[in-house]
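In: fold the following for me, if possible:
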Amino acid sequence: MAATRARNTANHTADADDAPSHVDVVIIGAGISGIGAGYYLQREHPGRSYTILEAREASGGTWDLFRYPGIRSDSDLHTFGYEFKPWRDKDSIADAHKILAYLRETAAENGIDRKIRYRTKVVGAEWSTADARWTVTAERTDTGERTTVTCNWIFAAAGYYNYDEGYTPQFEGRERFGGTIVHPQQWPEDLDVSGKRIVVIGSGATAVTLVPALAKQNAAHVTMLQRTPTYIMPVPAQDKLANGLRALLGDERGYALTRRRYILQQQLVWKFCQKYPQAARGLIRRINARLLPEGYPIDEHFNPPYGPWDQRLCAVPDGDLFHAIRRGDASVVTDRIATFTETGLRLESGKELDADIVVTATGLNVQAMGGIGLTVDENPVNIADTLAYKGMMLSGVPNFAYAIGYTNSSWTLKVGLLCEHFCRLLAHMDSLGFDTAVPVPADADLPTRPLLDFGAGYIQRAIGQLPRQGERAPWLTSMSYTDDVKLLRHLPVTDPELRFSLSPGKSSPDSSTSATQEVTA
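Out: Just a heads-up that it's a prediction; the model follows:
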């Protein structure tokens, strides 16, 4: 797999065909969101120019960055994939190299790869109301040279975490440990785990992926050390019905039907867990019990103190984690770390875990808008002081859109709708002759709450760095696909709290045309 990944990267590191000094839209990030944004933009606005600025040397974002054993999606690819491009592989829960190939194929098929400028990290952007444009400052990661490009719009598709380093808590005695400590975000390509005793600290999606994968690589034993249990559900790695529909109806129709089924299924599961948390907890426990050895202490290791979907539910394809435990290749310990020792970890219970390798699968460092410094008319923007408008723009920040996906279902479902709405907004502004759009709350004292009502540690650690959301539309950040289809795809793009204008010096739009009129199809 390492060789395949290396070849894929080598084929996708060329910079864009040209480096224009001005484009209509700058897209930041060449991952799943940025490639999707490029597709929608050129499909709906073929006359608009755009470029994608990517800090890394290859496309694919998360799916090129992470190299730890077993890395895979924790959502089905029928909804994690794009609506416009069928997922043709037989696996519904797919490994990273398959997802990466899918993304790069999408970019190549549509000429999006020719729009990407690699090794180009955006460090700041300055908005000028007089000119109705952004000046984006980027730094070449290979030379340190700084360049600028101007644009009318920025679409931030840089994800929500810091690509440079993951999150690792301070552990007492870490410097005494005589073995190897590694974070999944910086996994060494030459790390040999065969015959090694491995402790994986964490219980989230990364940990439950790593444990069975390391066991398959002939580790002597793998222990998942968790402070708090996580809800873990087995899911089929392959969907026989989906594969059958594709064979019967063809890729396009089979994929469309399967996608609708998964969307409905995700919504029903989430609503059931929210409305009947005790029943959902009991159901998950019974499923876990069937897969674990008889007499296994389920309530100690698989009984979280919070309700289902208060944090993201972890999916394990074909129950691989449970099978590793049943075989004796892996185990779970629920305890807290007192200190590292020379040979492993001592826990607060007094128990000691011997280890040759410790993996700190302890999460991500969240980074709002890719860490970009924004200014509006020379006034710095504090992201934490802004409100999220429709989950895609920031109050007081003109011509700036961003993509953040769902936390309770597939990321890409939300991103696709945001891209559609963004394109509709551009069309509306074109029809009325405006060049600037900025969300402004009607009431300065609008009650607010955190952007994401999500209990995961990586979100809670960064909640003060993120924009906030309001208690009413259009300042709500929806986590409901059904609601977003209505809001982002079908309702007008206009709103009394989204202000349109024309920059000074340009001819005014037709005064007989209302600024709140919706463009017709």
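In: show me the domain layout of the protein.
Out: 2-164+366-438+482-501, 174-360 (automatic domain parsing).
In: now mean neighbour count too, for these, in a markdown table please.
Out: The C-beta positions use only the backbone N, C-alpha and C, and glycine is treated the same way. Compiled in a markdown table, the domains of the chain are given as follows (neighbours: other C-beta atoms under 10 Å):
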| stretch | mean neighbour count |
| --- | --- |
| domain 2-164+366-438+482-501 | 19 |
| domain 174-360 | 17 |
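In: and the ones you listed, which one is worst for confidence?
Out: When those are compared on average pLDDT, domain 2-164+366-438+482-501 comes out lowest at a mean of 92.
In: and the nearest residue to D239 once chain neighbours are set aside, how far from A237?
Out: Counting by C-beta to C-beta, 6 or more residues apart in numbering, the nearest residue to D239 once its immediate chain neighbours are dropped is S92, at 4.4 Å. Here the criterion is C-beta to C-beta, to the nearest Å. By it, S92 lies 7 Å from A237.
In: rewinding a little: assess the claim that the residue nearest to D239 and Q238 are in contact.
Out: Yes. Under the criterion of C-beta atoms under 8 Å, S92 makes contact with Q238 at 6.1 Å.
In: OK, contacts around the residue nearest to T168 when sequence neighbours are not counted?
Out: Leaving aside its chain neighbours, T168 sits nearest to T360 (4.8 Å; criterion: C-beta to C-beta, 6+ apart). By C-beta atoms under 8 Å, 6 or more residues apart in numbering, the contact list for T360 reads G166, T168, P169, I181, V182, H183, P184, I201, G202.
In: in strands, which of the residues you listed fall?
Out: Among these, the members falling in strands are I181, V182, I201 (criterion: DSSP state E).
In: if I look at the residue nearest to T168, how far off is A220?
Out: Using C-beta to C-beta, T360 is found at 19 Å from A220.
In: about what we covered before: make JSON lines out of the domains of the chain and add distance to G470.
Out: Formatted as JSON lines, the entries for these read as follows, by distance: least, C-beta to C-beta, whole Å:
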{"stretch": "domain 2-164+366-438+482-501", "distance to G470": "6"}
{"stretch": "domain 174-360", "distance to G470": "21"}
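In: mind checking which of these is nearest L451?
Out: domain 2-164+366-438+482-501 (5.7 Å; C-beta to C-beta).
In: can you give me how far the closest one is from the chain middle?
Out: Domain 2-164+366-438+482-501 has its average C-alpha position 11 Å from the chain's average C-alpha position, going by C-alpha atoms, centre = their mean, to the nearest Å.
In: distance to A280 added to the ones in strands among the contacts of T360, as a markdown table?
Out: What follows is the ones in strands among the contacts of T360, written out as a markdown table (distance: C-beta to C-beta, whole Å):
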| residue | distance to A280 |
| --- | --- |
| I181 | 36 |
| V182 | 35 |
| I201 | 27 |
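In: quick check, central residue of the protein?
Out: Against the mean C-alpha coordinate of the chain, by C-alpha atoms, centre = their mean, the closest residue is G159 at 5.4 Å.
In: need phi/psi at it.
Out: Dihedral angles of G159 (phi, psi; degrees, to the nearest 10) stand at phi 80, psi -160.
In: list the contacts for it?
Out: When contacts are counted by C-beta under 8 Å, 6+ apart, G159 is found next to G29, G31, S33, G61, T62, G370.
In: is R117 in contact with I52, as I believe?
Out: Yes. R117 is in contact with I52 according to C-beta under 8 Å; the separation is 6.9 Å.
In: may I have the beta-bridge partners of the residue nearest to L476 when sequence neighbours are not counted?
Out: What sits nearest to L476 in space, not counting adjacent residues and going by C-beta to C-beta, 6+ apart, is Q469, at 5.8 Å. As for beta bridges, Q469 partners with R449 under DSSP bridges.
In: and the pLDDT for Q469?
Out: The model's pLDDT for Q469 equals 92.
In: run a quick neighbour tally on it.
Out: Q469 is flanked by 21 other residues according to other C-beta atoms under 10 Å.
In: would you map the strands across the stretch 101-250 of the chain?
Out: With DSSP state E, counting those that start in this stretch applied, the stretch 101-250 of the chain shows strands at 116-117, 120-128, 133-140, 146-156, 180-182, 197-201, 221-226, 232-235, listed in chain order.
In: mind checking those strands for the one nearest to D356?
Out: When the strands of the stretch 101-250 of the chain are compared (using C-beta to C-beta), the closest one is strand 197-201, at 5.0 Å.
In: tell me what that closest one is packed against?
Out: Contacts of strand 197-201 with other secondary structure elements, assessed using 3 or more C-beta pairs under 8 Å, 6 or more residues apart in numbering; DSSP states H and E, are made with helix 205-216, strand 221-226, strand 344-347, strand 357-360.
In: so which of those is nearest L432?
Out: Taking C-beta to C-beta as the criterion, helix 205-216 is the member of these that comes nearest to L432, at 44.6 Å.
In: orientation of that closest one relative to strand 197-201 in degrees?
Out: Counting by axes from the mean of the first three to the mean of the last three C-alpha atoms, to 10 degrees, helix 205-216 points 170 degrees away from the direction of strand 197-201.
In: so which elements touch helix 205-216?
Out: With contacts defined as 3+ C-beta pairs under 8 Å, 6+ apart, the packing partners of helix 205-216 are strand 197-201, strand 221-226, strand 314-317, helix 320-327, strand 330-334.
In: can you put those in TSV and add distance to I71?
Out: Shown next, in TSV, are those (distance: least, C-beta to C-beta, whole Å):
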stretch	distance to I71
strand 197-201	14
strand 221-226	16
strand 314-317	12
helix 320-327	13
strand 330-334	17
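In: of those, which is nearest L446?
Out: If we rank those by C-beta to C-beta, the stretch that ends up nearest is strand 314-317, at 35.5 Å.
In: parallel or antiparallel, list what pairs with that closest one.
Out: The strands beside strand 314-317 in its sheet (DSSP bridges) come out as strand 232-235 (parallel).
In: elements contacting the top helix by length along the chain?
Out: Among the elements of type helix in the chain, defined by DSSP state H, the one spanning the most residues is helix 251-275. Based on contacts counted as 3+ C-beta pairs under 8 Å, 6+ apart, the elements that helix 251-275 packs against are helix 77-80, helix 240-249, helix 277-291, helix 481-484.
In: now, the contacts of G159 that are in helices?
Out: Mapping these onto helices (DSSP H) picks out S33, T62.
In: mind picking the two most distant members of the contacts of G159?
Out: Between all members of the contacts of G159, the longest pairwise span (C-beta to C-beta) is found for T62 and G370 and amounts to 13.3 Å.
In: ok so, going back, I404 is nearest to which of the helices and strands packed on helix 251-275?
Out: Shortest distance between I404 and the helices and strands packed on helix 251-275, using C-beta to C-beta, is found for helix 481-484: 12.1 Å.
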